[in-house]
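> Take a look and give me a structure for this.
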Amino acid sequence: MARLHEYQGKAILAANGFKIPRGRAVLSADDAVVAAKELGGEVVIKIQAWTTGRAGIGGVAFAKGPDDVRAHAERMLSMKVGQFPVEAVLFEEKIDIDREFFLSFAIDDAARAPVIIFAAGGGTGIEKRAASIRRIACDVSNGPEASALNEAVDVCGLSQAHAEQLAESIRKLFAAARSVEARSLEINPLMLTKSGEFVAADCRITIDDYAVARHPELGIEIAREFDHPATPLERIAYAVEQNDHRGTFYFAQLATTAPKGSKGLVGFHGAGGGGSMMSMDAIVNVGFTIANFTDTSGNPSASKVYRAARIILAQPDLLGYFGSGSGVASQEQFWSAYGLAKAFWELDLDIPAVIRLGGNTEDRAVDILHRMSKLLRAPIECYRKSDTPAFIAARFAELVANTGDTKWKPGPPRVPKFVRDPSATMLPVKNGRVWIDTAQWPQIRAAVETHSGGLIVSRGGAPEAAVANEEFTTKDSELLACDVECRLVGIEGFYLELDIQGLEELIGGTR
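I've put the predicted structure just below:
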């Protein structure tokens with residue numbers, strides 16, 4: 001589920017008839033001072049971060065003057081929630097509160113219907129006051145059931161005018177959630193002010209993943225539930241997934257620095273949910289901190305696994321690369337091995353890698369990575385489904401210990417020298433280019449025919465004749481296999497260049 005910040009959620013509430021405090025979000029201390037002057041009087045400042053208990057971590061403060069405002073804004077914009085920076089703070093007028101209420105819209109998966117959770121008394125700790133919470137059943141089209149709504153409001157002891165306003169706020173909550181196809185929408189608290197108005201003081205919204213494409217006005221970058229705004233690498237990875245639906249690719253950054261007591265950061269590459277979870281536990285249990293969670297499963301293409309590996313290795317300070325997932329995966333594991341082998345060679349890997357590729361064709365996968373390891377500076381070991389995550393995690397720890405304090409430094413991929421030769425042939429393929437050393441075409445042609453699984457067959461005696469057909473240009477995984485196999489037999493005359501939009505700009509150009 002994609003999340004929205006408080007200020008974004010409040011804009012949706014306002015569009016659906018809610019009164020919200022005057023204010024706006026800012027990105028700098030200078031803008032904060034301007035915003036505070038616009039509001040006048042005492043203001044409340046809140047970090048915009050997807051976390052509960054903001055007040056407890058210093059993420060909520062009150063300020064009276066410009067100097068006070070600047071000091072709070074500078075402090076908050078230098079904060080981190082978890083390991084990710086606060087990017088915005090929200091300035092709002094201070095509200096005189098008479099009473100607080102809790103409102104939440106959610107989807108009841110068991111009932112397969114919307115429900116509204118209501119309580120007379122909001123604020124921190126509402127979850128512990130279960131006795132005061134009421135559930136208001138909702139019809140998908142018509143909203144809250146009238147009898148349940150009236151019963152919930154009647155017990156609040158409000159005047160008739162205020163009771164009617166509260167009932168209308170609950171109906172507006174449903175309308176706001178339905179307008180953006182929200183999976184959840186929480187107002188905590190909904191305040192009754194001393195002047196007699198109901199004001200939404202806070203707002204949390206998550207949007208159903210499948211609805212994101214229908215609501216471009218929300219500006220959601222990634223249709224997934226993160227606990228932080230999308231990082232540049234997460235945006236790059238999401239674009240890869242959107243451009244190639246062969247299998248799945250999920251990438252989330254978890255840590256940028258290792259906490260005290262940890263052995264260090266590890267790039268994690270899983271395959272399949274359950275097996276990946278066990279593998280993550282195994283690597284944490286031997287003392288490491290996982291820098292990212294990555295999953296390539298569902299029979300991904302070799303080119304997709306290659307891009308995933310490149311993105312994982314765009315993270316600095318890794319002590320090693322740990323790949324392990326399901327031991328009974330139905331996917332053809334040799335494709336993943338080719339993708340990893342190409343990425344490791346291009347980046348001249350100098351940190352240990354331990355890879356477990358259990359499932360179909362696991363023997364072929366192990367052989368590919370074993371042969372590639374002979375061309376790399378770093379120790380690479382590959383294992384089968386019979387090797388447990390705990391065993392390979394222990395082996396990973398041994399390899400890291402033997403390599404000392406070497407930390408990964410991201411860099412651009414290396415490219416074979418022949419690519420820069422004017423005589424080299426370049427031909428476009430799906431999301432990339434193939435470079436061929438024409439002088440070595442007879443040897444390359446044999447490798448292409450041998451290692452493409454019969455799907456790419458050379459036609460004629462020249463490179464142009466071989467690749468000038470749709471079948472060749474769309475088989476990016478087979479072309480990647482040919483790239484790797486040519487290199488493994490010492491032929492530096494065939495190179496597949498695959499685009500990863502935004503990655504080269506992030507880490508630099510080519511070697």
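> for the helix or strand harbouring Leu233, packing partners?
Here Leu233 sits within helix 232-243, counting by DSSP states H and E. Contacting helix 232-243 under the criterion 3 or more C-beta pairs under 8 Å, 6 or more residues apart in numbering; DSSP states H and E are the following elements: strand 248-253, helix 302-312, helix 503-507. Backbone N, C-alpha and C define where each C-beta goes, glycine included.
> Can you list the buried residues in that helix?
Leu233, Glu234, Ile236, Ala237, Tyr238, Ala239, Val240, Glu241 (16 or more other C-beta atoms under 10 Å).
> pretty sure the fourth one is in contact with Ala309, am I right?
Put plainly, it is Ala237. No: assessed by C-beta atoms under 8 Å, Ala237 is found out of contact with Ala309, at 11.3 Å.
> what do the two both touch?
Overlap of the contact sets of Ala237 and Ala309 (by C-beta atoms under 8 Å, 6 or more residues apart in numbering) is empty.
> immediately after the longest helix along the chain, which helix or strand?
The single longest helix within the chain, with elements called by DSSP state H, is helix 160-180. Once the chain leaves helix 160-180, the next helix or strand it forms, by DSSP H and E, is strand 182-193.
> what pairs with that following strand, and is each one parallel or antiparallel?
strand 97-108 (antiparallel), strand 198-200 (antiparallel), strand 204-207 (antiparallel) (DSSP bridges).
> if I look at Ala481, how far off is Ala337?
Going from Ala481 to Ala337 by C-beta to C-beta, to the nearest Å gives 10 Å.
> Thr425 now?
Separation of Thr425 from Ala337 (C-beta to C-beta): 28 Å.
> So which of the two has more stuff around it?
Ala337 (29 against 14; other C-beta atoms under 10 Å).
> quick revisit: just send the strands paired with strand 182-193 back as JSON lines, with mean pLDDT, mean neighbour count and distance to Ala167 too.
JSON lines is the format used below for these (pLDDT from 0 to 100; neighbours: other C-beta atoms under 10 Å; distance: least, C-beta to C-beta, whole Å):
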{"stretch": "strand 97-108", "mean pLDDT": "94", "mean neighbour count": "19", "distance to Ala167": "11"}
{"stretch": "strand 198-200", "mean pLDDT": "97", "mean neighbour count": "21", "distance to Ala167": "10"}
{"stretch": "strand 204-207", "mean pLDDT": "94", "mean neighbour count": "22", "distance to Ala167": "22"}
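> Can you pull the domain assignment for the protein?
Following automatic domain parsing, one gets these domains for the chain: 23-93, 97-216, 232-402, 417-507.
> Ala223 against Val212, yeah?
Yes: if you go by C-beta under 8 Å, Ala223 and Val212 touch, sitting 4.0 Å apart.
> Pull up the overlap in contacts between the two.
Ala2.
> Neighbour count: these two, which is higher?
A direct count of neighbours by other C-beta under 10 Å for Ala223 and Val212 places Val212 higher, at 19 against 16.
> Please list all residues in contact with that one.
If you count contacts by C-beta under 8 Å, 6+ apart, then Val212 has Ala2, Leu218, Ile220, Ala223 around it.
> ranking those by neighbours, who comes first?
Neighbour counts for the contacts of Val212 peak at Ala2, which has 21 neighbours (criterion: other C-beta under 10 Å).
> residues in contact with that one?
Residues in contact with Ala2 (C-beta under 8 Å, 6+ apart) are Thr206, Ile207, Asp209, Val212, Ile220, Ile222, Ala223, Arg224, Glu225.
> Give me the pLDDT for it.
Listed pLDDT for Ala2 reads 87.
> cool, and the one 3 residues further on?
We have a pLDDT of 94 for His5.
> For it, which non-adjacent residue is closest in space?
Gln48 (4.5 Å; C-beta to C-beta, 6 or more residues apart in numbering).
> I'd say the one you found and Ala88 touch.
Yes: the pair Gln48 and Ala88 passes the contact test of C-beta under 8 Å, sitting 4.2 Å apart.
> Common neighbours of those two, please.
Overlap of the contact sets of Gln48 and Ala88 (by C-beta under 8 Å, 6+ apart) consists of His5, Tyr7, Ala25.
> For the residue lying closest to Gln440 once chain neighbours are set aside, list the residues it contacts.
Leaving aside its sequence neighbours, Gln440 sits nearest to Gly493 (C-beta to C-beta, 6+ apart; 3.5 Å). By C-beta under 8 Å, 6+ apart, the contact list for Gly493 reads Pro416, Phe418, Ile436, Asp437, Ala439, Gln440, Trp441, Gln443, Ile444, Cys486.
> next one: Gln331
Gln331 touches Gly247, Ala271, Ser297, Gly298, Asn299, Pro300, Gly359, Asn360, counting by C-beta under 8 Å, 6+ apart.
> Arg204 touches Glu6, doesn't it?
Yes: at 7.0 Å, Arg204 and Glu6 qualify as touching, with contact defined as C-beta under 8 Å.
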